[in-house]
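Engineer: Predicted structure and sequence below. I'll ask about it afterward.
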Amino acid sequence: MDVYEAIMERRSIRAYSDKEVEEEKLLKLLQAAQHAPSAKNMQEWRFIVVTDEKTRKELAVACRNQWFIAEAPLVIAGVSDPGFRWYQVDMGIALEHIALQAVELGLGTCWIGAFDEEKVSRLLNVPEDLETVALLTVGYPQEEPRRTSRKPLDEIVCYNSYTLTE
């Protein structure tokens, strides 16, 4: 599978099978994040891999009761230093590297951005000077994800200056 195909196939998965994610696949996901580009090559990201069922249930509550989080075999929390100007962009790039690598490995992911950051950080023992930026659920999809519609390029792309009319 090439990168373009992974991009076209990636979907947000909210229903996971009970199958555990193999250690070698988890390692590939983490290596994909490790090799993501970052501003000034600072690599100001840290990742917490959550496999514990009780912790995943508590995360689901802290994430506005999104219960599929508890059902995913893995949750990866992206943690970074909010004092670093580009921390959110860098974390987004690293987590999307994980999401795309997951597609190639037959895994599904879902970005979690709606959560109580203080509760999640406390639950995961994140130092006070760092921030939980986003979470990513990871696992084998329970069923084949359906395609979602996309706006045509002429509704989202301009050349040389903004020329779109709303």
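Structural biologist: Noted; the coordinates are in hand.
Engineer: Touching, residue 102 and residue 111? I think so.
Structural biologist: No. Using Cβ atoms under 8 Å, residue 102 is not in contact with residue 111; the gap is 11.6 Å. C-beta: built from backbone N, CA, C; applies to glycine.
Engineer: Show me which of the two is the more surrounded one.
Structural biologist: Using other Cβ atoms under 10 Å, the more surrounded residue of residue 102 and residue 111 is residue 102, with 26 against 15.
Engineer: Could you pull out the buried residues of stretch 11-18?
Structural biologist: Neighbour-count burial for stretch 11-18, counted by 16 or more other Cβ atoms under 10 Å, picks out 11, 13-14, 16.
Engineer: Same list (these) but as TSV, adding distance to residue 53 and pLDDT.
Structural biologist: Shown next, in TSV, are the buried residues of stretch 11-18 (distance: Cβ to Cβ, whole Å; pLDDT from 0 to 100):
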residue	distance to residue 53	pLDDT
11	25	95
13	18	96
14	18	96
16	13	98
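Engineer: Note down every partner strand of the lengthiest strand in the chain and its orientation.
Structural biologist: In the chain, assigned by DSSP state E, the strand with the most residues is strand 131-139. Its sheet considered, strand 131-139 pairs with strand 74-80 (antiparallel), strand 108-112 (antiparallel) by DSSP bridges.
Engineer: got the end-to-end distance for stretch 37-53?
Structural biologist: End-to-end span of stretch 37-53 (Cα to Cα, to the nearest Å): 32 Å.
Engineer: for stretch 125-132, same thing?
Structural biologist: Using Cα to Cα, the two ends of stretch 125-132 sit 10 Å apart.
Engineer: And for stretch 13-29?
Structural biologist: When the termini of stretch 13-29 are compared using Cα to Cα, they are 16 Å apart.
Engineer: now swap in stretch 105-122 and tell me
Structural biologist: 31 Å.
Engineer: what's that stretch in contact with?
Structural biologist: The contact list for stretch 105-122 (Cβ atoms under 8 Å, 6 or more residues apart in numbering) reads 10-14, 16, 21, 25, 28-29, 59, 62-64, 66, 68-69, 72, 75, 77, 79, 95, 98-99, 102, 126, 130-132, 134-141, 145.
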